[in-house]
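Novice: Any chance you can model this:
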Amino acid sequence: MPSANTFGVMVAAAALLLFLWLVGRWVRRGARRLPYFPREYLLSKGELAFYHAMRQVLPPHLHVSFKARLSDVIGCPGWAWKQGFGSRISQKHLDFVVVDANTTAVRFVVELDDRTHQRRDRQARDLFLNQALAAAGVPIVRVPAAASYDLARLRDHIRGAVG
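Specialist: Presented below is the predicted three-dimensional model:
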């Protein structure tokens with residue numbers, strides 16, 4: 001016959017197993033109710049082509065990052081955030097950000113301009129982006145989107161835009 005101590009340990013273990021089963025069931029059930037799905041890739045085919053071209057033309061001391069939030073690159077003081085300036089940058093993303101590979105200091109931003117940038121709403125967004133980055137002293141390079149990129153022309157375009 002098991003001792004009272006052994007019986008207590010068995011009851012505690014059974015209670016723990018029941019608890020873990022219930023928590024697992026709750027988590028699985030909740031996960032099924034959420035409307036999320038994995039995205040297959042972070043970049044479109046056009047963005048990926050540009051990313052590979054950028055990696056080839058940038059010097060080794062520079063690194064290219066993608067899909068960064070605008071508010072990760074520029075900020076504003078608390079009073080301005082409360083007045084709505086922060087919300088204008090918190091929900092926008094940049095196509096590419098070029099940083100110093102050693103310090104991660106932002107050197108410049110690259111935006112790919114495809115045909116959607118001809119729409120009035122995109123033009124307003126682009127104007128705001130240009131003004132916000134200029135106010136923060138962050139250079140922006142606009143590159144027409146293409147299926148492939150001439151590396152020499154891309155290198156010249158970037159040099160001409162950021163010096």
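
Novice: Show me where this structure has its strands.
Specialist: Under the criterion DSSP state E, strands of the chain are mapped to 62-69, 93-100, 106-113, 140-144.

Novice: want to throw those strands into JSON lines with mean pLDDT and distance to residue 53?
Specialist: From N, CA and C alone the C-beta is placed, and that goes for glycine too. Below are these laid out as JSON lines (pLDDT from 0 to 100; distance: least, Cβ to Cβ, whole Å):
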{"stretch": "strand 62-69", "mean pLDDT": "96", "distance to residue 53": "10"}
{"stretch": "strand 93-100", "mean pLDDT": "96", "distance to residue 53": "11"}
{"stretch": "strand 106-113", "mean pLDDT": "96", "distance to residue 53": "11"}
{"stretch": "strand 140-144", "mean pLDDT": "95", "distance to residue 53": "9"}
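
Novice: quick one: which of those is nearest residue 156?
Specialist: Judged by Cβ to Cβ, the one of the strands of the chain that comes nearest to residue 156 is strand 140-144, at 11.6 Å.

Novice: Neighbouring strands of that closest one in the sheet, and parallel or not?
Specialist: Strand 140-144 has the following strand partners under DSSP bridges: strand 106-113 (parallel).

Novice: between the strand it pairs with and strand 93-100, how many degrees?
Specialist: 140 degrees (axes from the mean of the first three to the mean of the last three Cα atoms, to 10 degrees).

Novice: What residues of strand 106-113 count as buried?
Specialist: Buried residues in strand 106-113, counted by 16 or more other Cβ atoms under 10 Å: 106, 107, 108, 109, 110, 111, 112.

Novice: Contacts for it, please.
Specialist: Residues from elsewhere that reach strand 106-113 (Cβ atoms under 8 Å, 6 or more residues apart in numbering): 46-47, 50, 54, 62, 64, 73, 94-100, 126, 129, 133, 138-145, 158, 161-162.

Novice: before we move on, back to that, I'd like the strands of the chain laid out as TSV, including distance to residue 6.
Specialist: Below are these laid out as TSV (distance: least, Cβ to Cβ, whole Å):
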stretch	distance to residue 6
strand 62-69	57
strand 93-100	59
strand 106-113	64
strand 140-144	71
